[in-house]
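**Q** Here is a sequence with its predicted model. Questions after.
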Amino acid sequence: MPRLADHDQRRAQIARAFQRLLAAEGFAAASFARVAAEAGVSVGLIQHYFAGKDVLLRFAYDDATGRLGERVRVRVRNGEAAGLPAAEVLLDSLVELLPLDAERDVEYRVRQGLQAQALHDPGLAEVARRAGGDLLGYVTAVIRGGAARGEVDPGADAALAARAVLAAVQGLADQLVLSGADAFPARDVLRRVVDSVFTGRPGARD
């Protein structure tokens with residue numbers, strides 16, 4: 001009897017093939033037949049694991065955001081262990097959302113694919129809202145932590161500031177995917193955005 005790990009690996013294999021096709025050619029081109037060929041499996045096996053493209057898209061989105069989230073957590077752990085200011089930790093985390101290499105470019109396109117389909121699918125819209133809410137909560141918490149340490153104006157609305165930062169990240173990501181990762185210094189632009197929120201000195205209220 002196949003082990004659970006085997007099923008998980010097979011689902012991930014199919015999801016990553018779907019992600020690559022979605023990134024390269026769009027949602028409409030990622031038929032089960034194309035995904036099966038890309039993954040090296042049968043259409044029947046895909047149908048065994050996924051009842052439809054929407055189900056596969058949700059799983060692929062969760063897979064992509066899960067890998068993204070793990071990279072962000074590693075950045076946070078490393079930054080905190082190194083004693084970096086909250087602004088620097090946030091900057092390092094947000095850079096993971098930018099399509100600056102092949103992996104992040106695929107993740108960006110998967111997120112955009114979900115957003116486009118979510119306009120017409122309440123189930124996908126809920127997935128998108130949950131993921132967006134989690135990210136908003138993370139950025140808001142970092143800004144509130146910065147305010148407690150004197151790095152952010154204590155009168156600042158952390159939630160509104162977080163929305164402004166994330167809007168800037170999305171805009172940068174859109175520009176990068178169209179212009180190319182080397183078109184402009186995206187990290188430097190993002191640093192200016194983060195610095196507009198983190199205006200105080202680290203430890204100023206200690």
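**A** That came in fine, so what should we check first? Residues are numbered from 1 along each chain as shown.
**Q** counting contacts, what elements does the helix or strand containing residue 77 pack onto?
**A** According to DSSP states H and E, residue 77 maps onto helix 53-81. Under the contact criterion of 3 or more Cβ pairs under 8 Å, 6 or more residues apart in numbering; DSSP states H and E, helix 53-81 touches helix 4-25, helix 86-95, helix 102-118, helix 122-148. C-beta coordinates here come from the backbone N, C-alpha and C atoms, glycine included.
**Q** Residue 94 is in contact with residue 187, correct?
**A** No - in this structure, residue 187 is not within contact of residue 94 by Cβ atoms under 8 Å, at 9.3 Å.
**Q** neighbour count winner among these two?
**A** Per other Cβ atoms under 10 Å, whichever of residue 187 and residue 94 has more neighbours is residue 94, with 25 against 14.
**Q** Could you look up the SS state of the nearest residue to the more buried one once chain neighbours are set aside?
**A** Nearest residue to residue 94, sequence neighbours excluded (Cβ to Cβ, 6 or more residues apart in numbering): residue 169, at 5.4 Å. The assignment at residue 169 comes out as helix when based on DSSP: H, G, I helix; E, B strand; the rest coil.
**Q** how close does residue 169 sit to residue 26?
**A** Using Cβ to Cβ, to the nearest Å, residue 169 is found at 23 Å from residue 26.
**Q** Please say which of these two ends up with more neighbours.
**A** residue 169 (21 against 13).
**Q** hmm, back to that, just the angle for the helix holding residue 77 relative to helix 86-95, thanks.
**A** 150 degrees (axes from the mean of the first three to the mean of the last three Cα atoms, to 10 degrees).
**Q** in helix 53-81, what's buried?
**A** 53-54, 56-65, 67-69, 71-72, 75-76, 79 (16 or more other Cβ atoms under 10 Å).
**Q** ok, now which ones touch residue 139?
**A** By Cβ atoms under 8 Å, 6 or more residues apart in numbering, the contact set of residue 139 is 90, 94, 162, 165, 166.
**Q** neighbour-wise, which of those residues leads?
**A** Highest neighbour count within these: residue 90, with 28 neighbours (other Cβ under 10 Å).
**Q** Need the pLDDT of that residue.
**A** pLDDT for residue 90: 92.
**Q** OK, contacts around the closest residue to it other than its chain neighbours?
**A** Leaving aside its sequence neighbours, residue 90 sits nearest to residue 142 (Cβ to Cβ, 6+ apart; 4.8 Å). For residue 142, the contact set (Cβ under 8 Å, 6+ apart) comprises 86, 89, 90, 93.
**Q** ok, now how distant is residue 142 from residue 126?
**A** Remark: distance between residue 142 and residue 126 (Cβ to Cβ) = 25 Å.
**Q** right, and residue 42 touches residue 35 too?
**A** No - at 10.8 Å, residue 42 does not count as touching residue 35 under the criterion of Cβ under 8 Å.
**Q** Look up how far residue 112 lies from residue 124.
**A** From residue 124 to residue 112 the distance is 12 Å (Cβ to Cβ).
**Q** Please apply the same query to residue 186.
**A** Taking Cβ to Cβ, one finds residue 186 at 17 Å from residue 112.
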